[in-house]
Each structure stands twice: as C-alpha cells, then as structure tokens.
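Chemist: Sharing a model that was predicted from the sequence below.
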Amino acid sequence: MTATIDRFCHACGTAFPSTDAYPRQCVQPECRTVVWANPLPVAVTLVPVVVGDRLGLLVVRRGLEPGRGKLALVGGFIEAHERWQDAAAREVQEEVQVAIDPTTVTLLDAVSSSPRPNRILLFATCPPVDPTTWPPFVPSPEALERGVIFGADDLDHTFAFSAHLTLARRWFAGRGTPGPAAYQPL
C-alpha cells in the first residue's frame with residue numbers, strides 16, 4: 001500500500017477533498033493554503049579517478065533501497081541551506097570519504113526523473129582524483145563499498161539507476177573510452 005502525502009492542510013489541518021493531483025488548495029475560506037509537489041533536487045557527481053594509467057569513475061555500492069547492492073554514481077539530496085556544488089562535495093565525502101573541492105565542481109547535465117518520484121538530478125564533475133591519497137573506506141548503512149568503473153558498457157543489471165548509467169556512458173564516450181566495463185573496489 002502506498003501512503004498518500006499531503007492529505008491534510010499543513011496550515012490548519014483540514015483534509016483535502018482530493019489527493020489525486022497537485023496543487024491542492026485548502027477548502028477553508030479563512031485558510032486557502034496551497035500545497036505544491038515540487039521536485040526534489042539531487043546532486044550526482046561523476047568523480048574521475050586515476051588508477052595507474054587508467055581513468056575511471058568513482059562509484060558506490062548502495063546499502064539502501066532502491067537498488068541495494070547495486071552500483072551508483074555518488075549523490076544525494078541538496079539541503080535547503082547549500083549550493084548544489086557544496087552538496088555534490090558533501091555527498092562524496094559522506095558516502096565514500098573522498099574530499100573534493102566544491103569550487104572545482106562543474107555542471108554536466110540536468111535530468112528530470114519520472115514523475116514518481118519527481119527529482120531533478122544535477123549531474124556534475126570535478127578534476128580527477130588520486131585514490132592513493134584517500135583514507136581507508138568505512139562502510140555505512142548507506143554505502144557498502146566504494147570502487148571505480150573503467151567503461152560503462154554491460155552494466156545495465158549492475159547499476160541502480162539508468163540515468164546514472166546514461167551519464168557514465170556519455171562521460172566515457174566523450175573521452176574515447178567506451179567499451180566493456182571493469183570494476184575495481186577501492
């Protein structure tokens with residue numbers, strides 16, 4: 001069973017007559033508060049990783065649904081008080097303990113997810129990082145493992161989110177390195 005959100009006006013507590021669509025307006029004449037279902041912004045970072053003479057992308061093995069146990073680019077929700085570049089750097093630090101400078105984070109693309117859940121994914125990148133300078137990885141409920149992929153082909157059943165895989169493929173193709181994927185835990 002799916003829970004319906006915004007069943008009641010958050011200002012006065014009156015039940016909305018319908019919860020089928022947005023916007024929803026309170027029926028109380030003295031209130032008339034309108035509730036919107038705006039999309040949530042998510043920062044997703046393509047972090048280039050140099051391993052020997054190879055260039056790959058940093059990924060995380062998810063510990064949470066959706067996609068528990070599958071790979072994803074590193075990302076998460078943008079907080080109300082932060083710039084998207086800061087959110088990108090914060091998520092990389094929180095999930096995989098890798099520090100990136102938010103002033104070097106640049107936008108690659110913005111993608112809307114399907115209406116449910118409604119998200120705006122801001123895909124970003126940063127300069128390549130050297131994993132020999134990273135601290136040891138400490139798994140968490142959110143992130144089971146960090147690693148690097150070299151190539152993004154044949155990962156359809158391995159990646160949690162198709163939008164992440166699409167951007168990873170585009171990134172590798174833009175560098176002339178499309179092809180079979182290889183994964184290495186870091």
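Modeler: Yep, that arrived. Note that this is a predicted model, so its numbers are computed, not measured.
Chemist: quick one: the helices in the chain?
Modeler: Secondary structure of the chain (DSSP state H): helices at 84-96, 162-174.
Chemist: so can I have CSV of the ones you listed showing distance to Ala11, mean pLDDT and mean neighbour count?
Modeler: The way it works is simple: take the backbone N, C-alpha and C, and place the C-beta from them, glycine included. Shown next, in CSV, are these (distance: least, C-beta to C-beta, whole Å; pLDDT from 0 to 100; neighbours: other C-beta atoms under 10 Å):
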stretch, distance to Ala11, mean pLDDT, mean neighbour count
helix 84-96, 29, 98, 21
helix 162-174, 35, 93, 18
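Chemist: ok, and the closest non-adjacent residue to the most centrally placed residue in the chain?
Modeler: Residue closest to the average C-alpha location in the chain (C-alpha atoms, centre = their mean): Gly75, at 3.4 Å. Spatial nearest neighbour of Gly75, chain neighbours left out: Val44 (3.3 Å); criterion: C-beta to C-beta, 6 or more residues apart in numbering.
Chemist: how far away is that neighbour from Gly174?
Modeler: Distance of Val44 to Gly174, given as C-beta to C-beta, to the nearest Å: 17 Å.
Chemist: same question, Pro131
Modeler: 22 Å.
Chemist: what's the answer for Val74, then?
Modeler: Distance from Val74 to Gly174, by C-beta to C-beta: 19 Å.
Chemist: for Leu144, same thing?
Modeler: Distance, Leu144 to Gly174, by C-beta to C-beta: 29 Å.
Chemist: what about the strands in the protein?
Modeler: Taking DSSP state E, the strands of the chain run over residues 24-25, 34-35, 40-46, 48-51, 54-62, 71-72, 74-77, 106-112, 119-125, 143-150, 182-185.
Chemist: Other residues contacting the last one?
Modeler: When contacts are taken as C-beta atoms under 8 Å, 6 or more residues apart in numbering, the neighbours of strand 182-185 outside the stretch itself are 51, 56, 59, 71, 145-151, 158.
Chemist: Closest to Glu95 out of the residues you listed?
Modeler: Arg146 (7.7 Å; C-beta to C-beta).
Chemist: any weak-confidence spans in this protein?
Modeler: 1-4, 115-116, 178 (pLDDT under 70).
Chemist: residues touching Phe16, list them.
Modeler: Taking C-beta under 8 Å, 6+ apart, one finds 6-9, 24, 26-27, 35 in contact with Phe16.
Chemist: repeat that for 7 Å
Modeler: Shown in contact with Phe16 (C-beta atoms under 7 Å, 6 or more residues apart in numbering): 7-9, 24.
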